[in-house]
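Asks: Only the shape, not the letters, is given here:
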C-alpha cells in the first residue's frame, strides 16, 4: 500500500473571490471550468472527487500535507513531495513564541474530550508513549492569541492539548487569553498543542477575513510553564488543476479506543466495507510525522490517526 497525496498540477493565480459561484463551486472564466472548493471536505471525500480526473480545486496546505483516504485511481504520479509546484494565493503560518503577558482574572471554561469510549491501557512498545494520567497533580498552560495583521485578541480560538486517550480543550476569552490545566503525568518533553479557528471572532471588528491556519506545534515541559503569545496568521489557499502522486509504502499508525488497529481496516471502514474497525459515531484527527512522534513515539513516524467520539450538538 502506498501513500497518496494531492498535487497542484497546474497552479492558478486567479482570484477565488472574483469568481461567480455556481452549485459546484466558483466558475473560472479564464479556463472555462468550475473550481471545486475542497477546503470543507475530508480527505476521504476528496479522494472520491478526484477519481473523475481533470478537476480544478481550491485546497489548503494541510490537505496537501495529509494522505488521501479511500483512494483508488490510475491518475497517480510517483514524485517526491518536495517537487510539488503550487501557486500561493495567500501566504500564512502561525508562530508560537515564549513571551510574558499580564495575568488575567477571567476564567475560561475547560472541557475534556474523550478520544475513546472508555480509557483502555495502550499496548506500549519501547518506541511508543504512554498517556495514562495520575490525578491530583496538574500543569497549567497559559497564553494569548492575537491576529497578525490587526494585532487584536482572537476570541473562541480552540486550544487542544492532545493525548492518545483524551483531548483537553479550552477556548480563548474576549481578551484572547486562555488557561488550561493538564494532569502532569500526561506531559513530557514533547507535548502537542492544536490551535483551531473555526468559531473565532475579533473584538470590535465587523468586516474582516477570519480565515486563519489551524496549526499544531510542540512544547517542551519547560515551555508549558511559560506564558505563550500565539499569532494567528491568514490561511494558505491554493488554486489549480488537481492530480495525485504516490510515495513508497509508509503506513500511519491508527488508534481506536486506546489501541492500535490496522490501517487497512480503517480505510475499509471509511469505504463502508466490512472491517474490524467501526466508525459509527466517530471522527478522527490526523497528525503529521513530527507531531505524531511527539504524541506516540517513533513508531508513528509516518503519521498518526486518532479516532474520537463525535461531539453531540
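Replies: Nice, thanks for sending it over. Being a predicted model, the structure only gives us computed values, none of them experimental.

Asks: all helices in the stretch 51-200 of the chain, in order from the N-terminus.
Replies: Ranges of helices in the stretch 51-200 of the chain, per DSSP state H, counting those that start in this stretch, are 61-65.

Asks: I'd say residue 192 and residue 290 touch.
Replies: No: counting by C-beta atoms under 8 Å, residue 192 does not reach residue 290; the two are 9.3 Å apart. All C-beta atoms are positioned from the backbone trio N, CA, C, and that covers glycine.

Asks: anything in contact with each of those two?
Replies: residue 218 (C-beta atoms under 8 Å, 6 or more residues apart in numbering).

Asks: And those two? Which one has more around it.
Replies: Taking other C-beta atoms under 10 Å, residue 192 and residue 290 do not tie; residue 192 has more neighbours (21 against 15).

Asks: Return the distance of the more buried one relative to residue 239.
Replies: 30 Å (C-beta to C-beta, to the nearest Å).

Asks: now do residue 52
Replies: For residue 52 relative to residue 239 (C-beta to C-beta), the value is 18 Å.

Asks: and if you look at residue 37?
Replies: 10 Å.

Asks: Now do the shared contacts for these two.
Replies: Common neighbours of residue 37 and residue 239 (C-beta under 8 Å, 6+ apart) are 57-58.

Asks: Name the nearest residue to residue 287, sequence neighbours excluded.
Replies: The shortest distance from residue 287 to any residue other than its chain neighbours is 4.6 Å, reached at residue 304 (C-beta to C-beta, 6 or more residues apart in numbering).

Asks: ok, the one you found touching residue 297?
Replies: No: the pair residue 304 / residue 297 is not scored as a contact, 9.7 Å apart, by C-beta under 8 Å.

Asks: Counting neighbours around each, name which of those two comes out higher.
Replies: Remark: of residue 304 and residue 297, residue 304 carries more neighbours, 26 against 19, as counted by other C-beta under 10 Å.

Asks: Let me see the contact set for the more buried one.
Replies: So residue 304 contacts 252-255, 286-287, 291-292, 295-296 (C-beta under 8 Å, 6+ apart).

Asks: again, but for residue 146
Replies: Neighbouring residues of residue 146 by C-beta under 8 Å, 6+ apart: 152-154, 176, 229-232.

Asks: if you set the cut-off to 7 Å instead, what comes out?
Replies: 152-154, 176, 231 (C-beta atoms under 7 Å, 6 or more residues apart in numbering).

Asks: and of those residues, the nearest to residue 278?
Replies: residue 154 (36.7 Å; C-beta to C-beta).
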